[in-house]
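Enquirer: okay, sequence plus prediction incoming.
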Amino acid sequence: MKTIKIPFGPQHPALEEPINFIFEVEEERVVNVKLRLGYIHRGIEKLAENRTYHQNVYLVERICGICSFAHTTCYTQAVEELLGIDIPERAKFIRTITAEMERVQNHYLWLGFTAKEAGFETLFMYTWRDRETILEVLETISGKRVNYGMNTIGGIRRDISDTMTEQIEDKLNHLENRSKYYKKICTKEQTILKRTVGVGILKPHDALSLCAVGPTLRASNIPRDVRADEPYAAYGEIPFKVITYKRHDVASRILVRIDETLESINIIRYALKNMPKGPIRVKVPQRVPKGEAVSRVEAPRGEDIYYLKSDGSDKPVRLKVRAPTLANLPSLCKMLIDVNIADIPVVIAGIDPCIACAERIMLVDTKTKKRWIWSGDELRRYACEWYRK
Amino acid sequence: MVPEITAILEVFLFPGFFFLFFLAFFIEWLDRKLVAKFQNRYGPLHVGPKGILQPVADFIKLLSKEDIKPAMADRVPFVAMPLLLLTLAMTPLFCIPITSSYALISFEGDLIVVMFLMTLIALLLFIGAWVSTNRFSTIGGVRAGLQMFGYEIPLNIAMIGPAIGAGSLSISEIVKWQSHGLWFILTQPLGFAILSICLLAHLQRVPFDIPEAETEIVSGWLVEFSGKKLALIRLARNFKLILAASLMASLYMGGPSGLWQPNPLTYFIKLVICVFILSNLRALFARYRIDQFLAGVWRYLTPLALLQISIIQVLTW
Amino acid sequence: MAMENELIKSLMKKPITLRFPNERAQPVERMRGKVTWKIEKCIGCTLCAKICPSEAVELIGEGRNAEIRYYIGRCLFCGECVDICPTEAIETTKEFELAFTQPKEMTLEFRRTKRNLESSRKK
């Protein structure tokens, strides 16, 4: 049977960011998938080497618009580990609260996005209308709706006052009702169930061997969550559940994320009630002593890893970012085999793709089909030679 | 002389071409506004009072855009297809009674002609997709053909139901029968429900807009049409919507007949009610897959339609 | 069919979209828009220029009579300069509608007059 190749190209109504898939299709079933990245590479890791540690907080925030707080938390934790300082308790709690609010906001956006891929425009409009509530809360605390600028090395820049706490409580109650309503819709509405149940299966042993992270992994019944395995900020002191579902398909991923939203609202309530009083910031020196640090954070999409190397000056030597979507892409290619064409956007949306976070380099020589990875010095030497020609 | 002049005026002005064009734009505005209100937003707002001229603005804008013809497409069918689609969508509207119990064209068997023209429209979509020679349009065209296999039979059975009840195969006769008796929506509610669902599939609206799925295959069969051709295709879509709502109103709800003499206002009110039902169904569901659609239709709709016909036969024994 | 209740209720409610520019959202207290300088309080310490993450602030001249050039196009509206100024000469406004048609209008200069009283805007 002959196959035709369909490009799900850089420009497509289903994708928010440019990425190229080439599907080999045999009468509405996908037989093979090829992936090409690199359309949105901005050179962030190189830019980070020319700015001081303090200026880098703002650079790192803009890697992704929606999970920006997770990136700054990871970065400032890495720098604080290199400096060897401990931030005040109140700052840890406020970091937790803001991170959970960002998680709620991300999951609402994702739910609308997936509904739009399945053709359900009404749910898309409703979830984005309700997302405005959490954005208003974030704006009240920090002053901005995305890229909050709350994190800084040594703590937090803005405090949460008591009047704000009351406003936040009302809006959290409203959001909890809406989340329960969406959970009811996603378990009862026949058209959504028909589009998502049994679609995009990822078995647990595949998920582990292909290194999936985040809700994609937890929907395959594996309870891994950086907040529980290696607690950072104030997660060690707040009780919460790690949510897993057993069906390994897109419907479980939807339910995992809605349940995580409800769990986040509980975490925010607990943290607001038990927040200790005190300072929110400590002063830090400009120069960072020599060393290396790795820090991990549970971004809304999965596990975010940062590697930072310093040499005693006020600019970093090397910053490496591994965003969660990059880890989920091999699992995506595995999930897309043997799926109908109509299910492709739903499955892609199921892993919550944020391609802007995911751009790194690997070199493939297409003539000799060799693959290798260069170290930093080799790359520099190649660049100098290329420019000299 | 005077009857001929009246006839010409009727065909061209009211309820002929001009009226139908205005009705097409109005119904598109109504549909967009209703769906927007269901989704808690405004819809068209600025062009004209309450946005009522927005479809006209869209039509004029599309007419002025660049008309790209792909190099590999067959020239004559590619250019002729939007014109044929518009013609086939407008012609059945002359058989629908609007001003009185008798339409502009009415003869025994015009219901069958209307059904035939609706089938031709579906075939024309497949041809339009085939001559576009694009991967996405091929998939869209194949899906359009498959979808026609599904909804064709229940649709025709649901339209024959009132014909059996009224004892005639002319839409005008069915309307006249209903002005003396009960509306068919009360005696054949199952047929009305099946007709609505199958008309949604014929119109390619959510939940059955599979050949045209925007997020999956980038507009499916109409991906290569642009500029004037796209304007005509969108206009044809509006006419199809009027045709669908008019069929629902005439066959099951009595058309222009009501408490008074048959008049266009009653027809208009029933048209608006049917468009309301269709828009509500559009805002309520997600999109099905083609294999789920075919399985559902052959497993549920066709047996239910046959059941409805059997009930009618038993009742009129 | 599960969402039918919500749809009927939405028919009765007013739409949630704001009709910009007639209706606007209310800015919150902490909102960070464009930044302005009170040039008579500035002592020329260059801390704001050093801490800006995107080099949007430049000093013209040196010392106590330095003046400020501010590039709106580069500003991130992060508020670091506001926090760090030792004499509180910088404050945030709530202006966020900052689209211009000429590139020259994106650069603001805050200059001292002879009597050190006003700041002027160079077009």
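Expert: Sure thing, it's come through. Numbering: from 1, shown residues only, chains lettered A, B, ... in the order given.
Enquirer: tell me where the stretch 201-317 of chain B has strands.
Expert: With strands called from DSSP state E, counting those that start in this stretch, the stretch 201-317 of chain B shows none.
Enquirer: do you know the pLDDT at residue C:116?
Expert: Per-residue pLDDT puts residue C:116 at 51.
Enquirer: residue A:224 and chain B, how far apart?
Expert: Between residue A:224 and chain B the computed distance is 31 Å (C-beta to the nearest C-beta, to the nearest Å). All C-beta spots, glycine's among them, are computed from the backbone N, C-alpha and C.
Enquirer: I'd say that residue and residue A:216 touch.
Expert: No: the criterion here is C-beta atoms under 8 Å, and residue A:224 misses it with residue A:216 at 10.8 Å.
Enquirer: who's more crowded, those two?
Expert: Using other C-beta atoms under 10 Å in any protein chain shown as the criterion, residue A:224 and residue A:216 rank with residue A:216 on top: 28 against 18.
Enquirer: just name whatever secondary elements whichever strand or helix holds the more buried one is in contact with.
Expert: For residue A:216, the host element (DSSP states H and E) is helix A:215-218. Packing contacts for helix A:215-218, counted by 3 or more C-beta pairs under 8 Å, 6 or more residues apart in numbering or on different chains; DSSP states H and E, involve helix A:204-209, helix A:250-273, strand A:302-310.
Enquirer: the second one close to chain B?
Expert: So the one you mean is helix A:250-273. No: judged by C-beta under 8 Å from any C-beta of the partner chain, helix A:250-273 and chain B are separated, with a smallest distance of 12.3 Å.
Enquirer: might one say that residue B:47 is in contact with residue B:58?
Expert: No: using C-beta under 8 Å, residue B:47 is not in contact with residue B:58; the gap is 9.0 Å.
Enquirer: which residue is it, in the stretch 101-250 of chain A, that comes closest to chain B?
Expert: residue A:119 (2.8 Å; C-beta to the nearest C-beta).
Enquirer: now that residue. Nearest residue, chain neighbours left out?
Expert: residue B:287 (2.8 Å; C-beta to C-beta, 6 or more residues apart in numbering or on different chains).
Enquirer: residues contacting the one you found?
Expert: With contacts defined as C-beta atoms under 8 Å, 6 or more residues apart in numbering or on different chains, the neighbours of residue B:287 are A:118, A:119, A:120, A:191, A:195, B:206, B:207, B:208, B:209, B:210, B:213.
Enquirer: now swap in residue B:115 and tell me
Expert: Applying C-beta under 8 Å, 6+ apart, we find residue B:115 in contact with B:155, B:156, B:159.
Enquirer: tell me how far residue A:331 lies from residue A:351.
Expert: 7 Å (C-beta to C-beta, to the nearest Å).
Enquirer: same deal with residue C:13?
Expert: To residue A:351, residue C:13 is 35 Å away according to C-beta to C-beta.
Enquirer: now the residue of chain B found nearest chain A: how far from chain C?
Expert: Nearest to chain A in chain B, going by C-beta to the nearest C-beta, is residue B:287, at a distance of 2.8 Å. Going from residue B:287 to chain C by C-beta to the nearest C-beta gives 15 Å.
Enquirer: over to residue B:185?
Expert: Distance from residue B:185 to chain C, by C-beta to the nearest C-beta: 20 Å.
Enquirer: related to what we said a few turns ago, tell me which of residue C:13 and residue A:351 has more neighbours.
Expert: residue A:351 (28 against 9).
Enquirer: packing partners of the lowest-mean-pLDDT helix or strand in chain C?
Expert: Of all helical and strand segments in chain C, the minimum by mean pLDDT, DSSP states H and E falls on helix C:4-12, at a mean of 85. When contacts are defined as 3+ C-beta pairs under 8 Å, 6+ apart, helix C:4-12 packs onto helix B:17-38, helix B:264-284.
Enquirer: do the helix or strand just after the first one and chain C meet?
Expert: The reference is to helix B:17-38. Per DSSP H and E, helix B:17-38 leads on to helix B:54-63 as the next helix or strand towards the C-terminus. No: Helix B:54-63 does not reach chain C (C-beta under 8 Å from any C-beta); its nearest approach is 15.5 Å.
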